[in-house]
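# Okay, here's the prediction I keep looking at, along with the sequence it came from:
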Amino acid sequence: MKGTRRVDFVFGIGYDDDIDKARQVIEGIINTDERVLKDPAPMVAVSELADSSVNFVARAWTAAGDYWSFYFDTTDPVSPARCPCV
């Protein structure tokens, strides 16, 4: 798709953490960001059962010009995009 880029993330949680809640939080962050394209749809899935974490892969498509701002806003745990309370 010309003019778009796929943004890939890996998020890890502990084995004692709530997998369903983690998935909901990740999906909520991605699905509420207006820079994320609806088609193709974003996806979040457990990708690895590592030694000390359960890893999720999250993939979303954005306009090419939004790639880095979306990537950094989503990765930064205190960014306004993730936590409007900041």
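Great, that's in hand. Residues are numbered from 1 along each chain as shown.
# alpha carbons only for contacts and neighbour counts from here, please
OK.
# ok, which stretches of the chain are strands?
Assigned strands in the chain, in chain order: 4-13, 43-49, 54-63 (criterion: DSSP state E).
# ok, and what's touching the shortest one?
Same thing as strand 43-49. 23, 26, 27, 54, 55, 56, 57, 58, 59, 60 (CA atoms under 8 Å, 6 or more residues apart in numbering).
# Greatest separation within those residues: which pair is it?
Pairwise distances across the contacts of strand 43-49 peak at 19.9 Å for 54 and 60 (criterion: CA to CA).
# what's the angle from the longest helix belonging to the chain to strand 4-13?
Among all segments of the chain classified by DSSP state H, the helix with the greatest residue count is helix 19-31. Relative orientation of helix 19-31 with respect to strand 4-13: 150 degrees, computed using axes from the mean of the first three to the mean of the last three CA atoms, to 10 degrees.
# Who are the packing partners of helix 19-31?
Here helix 19-31 touches strand 43-49, strand 54-63, going by 3 or more CA pairs under 8 Å, 6 or more residues apart in numbering; DSSP states H and E.
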